[in-house]
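Trainee: the following comprises the amino acid sequence and a computationally predicted model.
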Amino acid sequence: MKTDVAIIGGGPAGLLLSQLLMRAGISTVVLERQTRSHVLSRIRAGVLEAGTVQLLQDAGVGERMLREGIPHDSCYLTSDDTLMKIDLMEACGKQVMVYGQTEVTRDLYEAQDAMGATILHEVSDVALHDLTGDAPFVTFRHDGADQRLDCSYIAGCDGFHGVSRPSIPASVRQEFEKVYPFGWLGVLSRTPPATPELIYANHARGFALTSMRNAMLSRYYIQVPLTDRVEDWTDDAFWAELLARLPPDVAASIVTGPSIEKSIAPLRSFVCEPMQWGRLFLCGDAAHIVPPTGAKGLNLAVSDIFYLSRALIAQYSDGNDDLLARYGQDALARVWQAMRFSWSLTKLMHRFPDQTDFDRRMQVAELAQLAASSDARRLFSQVYAGLPY
Ligand code: APR
Ligand code: PHB
């Protein structure tokens, strides 16, 4: 088998890259470990930055998002029972789009099918070879046979547990990590959202978040200890804890119901430098992980794909490899800004097990500054709605 760009991983990053490259006449093969239904069963965040909304439209997969997505001009932060509005449009002239990552992935798969894309599912034993030469290749097993894919470039879009990042020698890699001392228990319910906008709640009992997918599909989260297991939480216990962490008038508007999905996710910040080595380019979760506070994970994957697709198209259209040479530098500049924002908002909105009274006063002071200063809200909004690429 031979292709221009081998893409490891058929999640949102890999699929979006394949879609953009194929539209530019560059051939791709996507190698995905799981079945398509498994990939589409994942429930992830659902807030798209303005840049993500635009790039999905540029890729020809924006139609259902524009039809079914919910534009949001603002979000809310609480400190105990005080509710503060962050008016994104007023602060930075941008809005975000609430549209589930699962739907983005579904739209990408359908568009790739329509283009006749080569996406191989249930591949195993993927290994990357000759990355520092000009003829890299990938070996893997598929349909019970050993396979080889010759290519010119490899995009590592295989997530945090993939094979791409470890294919960069440990002596070359520098990894930065922070693991948070709590997780998020998330529930999806076929109930109307409590409020039209998202509410990030800082409460003495812990963080909570109210979000949604559509007018009859709500998404809620509460901070839980790392020792908790999802089976420790009945639906009733979840709803009682969520309501206890929200301002009374918000709690009164919560419509409870059976969970159709319930899971606990750990929180970490992680960055791998460099994001490229020879003909291998890391994208998305393969290169970096953010805590979900602020929903930067998918949006960072999309911005990596913006930089890499632009660089590969420049290479194939006029032989200019300047952008390829600086891909990691360009992507990381934006990654670190989103990394800082996600870390800062996590620090601001959660109650840490070892938190001192002074730490709490720092949270109160920062929230008071956001409430009082339009400049503070502008800086917050610029990153929340998405920095320019
Ligand atoms: N070979 C082939 N495919 C692999 C391998 C492998 N060795 N390892 C992992 N994969 C696949 C996974 O099954 C997954 O479908 O790579 C894909 C990686 O997709 P994601 O983990 O979704 O990562 P990414 O596309 O970068 O999207 C980032 O997804 O997980 C969320 O929170 C994350 O919102 C962020 C977004
Ligand atoms: C979600 O809707 O799942 C969501 C929204 C905002 C976040 C995290 C998750 O910060």
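Mentor: It's in. Numbering: from 1, shown residues only. Ligands and ions are numbered 1, 2, ... in the order given.

Trainee: please identify the helix or strand for the residue in the chain that ligand 2 sits nearest to.
Mentor: Distance from ligand 2 to each residue of the chain (CB to the nearest ligand atom) is smallest for residue 211, at 3.2 Å. Using the backbone N, CA and C atoms, a C-beta is placed for each residue, glycine as well. Element membership of residue 211, judged by DSSP states H and E, is strand 208-214.

Trainee: got the contact list for that strand?
Mentor: 46-47, 68, 70, 98-100, 103, 184, 188, 193-195, 198-201, 218-223, 241-242, 245-246, 250, 254 (CB atoms under 8 Å, 6 or more residues apart in numbering).

Trainee: same thing but 7 Å
Mentor: Residues outside strand 208-214 that contact it (CB atoms under 7 Å, 6 or more residues apart in numbering): 46, 68, 98, 100, 193-195, 198-201, 218-222, 242, 245-246.

Trainee: okay, now the residue of the chain closest to ligand 2: neighbour count?
Mentor: For residue 211, the neighbour count with other CB atoms under 10 Å is 25.

Trainee: which strand residues bridge it?
Mentor: For residue 211, the beta-bridge partners are residue 219 (DSSP bridges).

Trainee: okay, it and residue 153: tell me how far apart.
Mentor: 36 Å (CB to CB, to the nearest Å).

Trainee: check residue 70 too.
Mentor: Using CB to CB, one gets 37 Å for the distance from residue 70 to residue 153.

Trainee: more crowded one of the two?
Mentor: Higher neighbour count among residue 70 and residue 153: residue 153, with 26 against 17, using other CB under 10 Å.

Trainee: residues contacting that one?
Mentor: Shown in contact with residue 153 (CB under 7 Å, 6+ apart): 5, 279, 281, 312.

Trainee: and of those, the nearest to residue 304?
Mentor: residue 281 (8.5 Å; CB to CB).

Trainee: okay, the helix or strand hosting residue 268 in CSV with CA atoms only?
Mentor: Here residue 268 sits within strand 259-273, counting by DSSP H and E. Presented in CSV, the C-alpha positions along strand 259-273 are these (Å, rounded to 0.1, in the frame of the first residue of the first chain):
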residue,chain,number,x,y,z
SER,A,259,-28.5,8.9,33.2
ILE,A,260,-28.0,7.5,29.7
GLU,A,261,-24.2,7.8,30.1
LYS,A,262,-22.3,8.1,33.4
SER,A,263,-18.5,8.1,33.7
ILE,A,264,-15.5,9.5,35.7
ALA,A,265,-12.6,11.1,33.9
PRO,A,266,-9.3,12.0,35.5
LEU,A,267,-7.8,15.5,34.9
ARG,A,268,-4.3,16.1,33.7
SER,A,269,-2.3,18.8,31.9
PHE,A,270,0.3,17.3,29.5
VAL,A,271,2.5,18.6,26.7
CYS,A,272,5.1,16.7,24.6
GLU,A,273,7.9,18.7,22.9
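
Trainee: show me what secondary structure element comes after that strand.
Mentor: strand 276-277.

Trainee: fine by me, thanks again.
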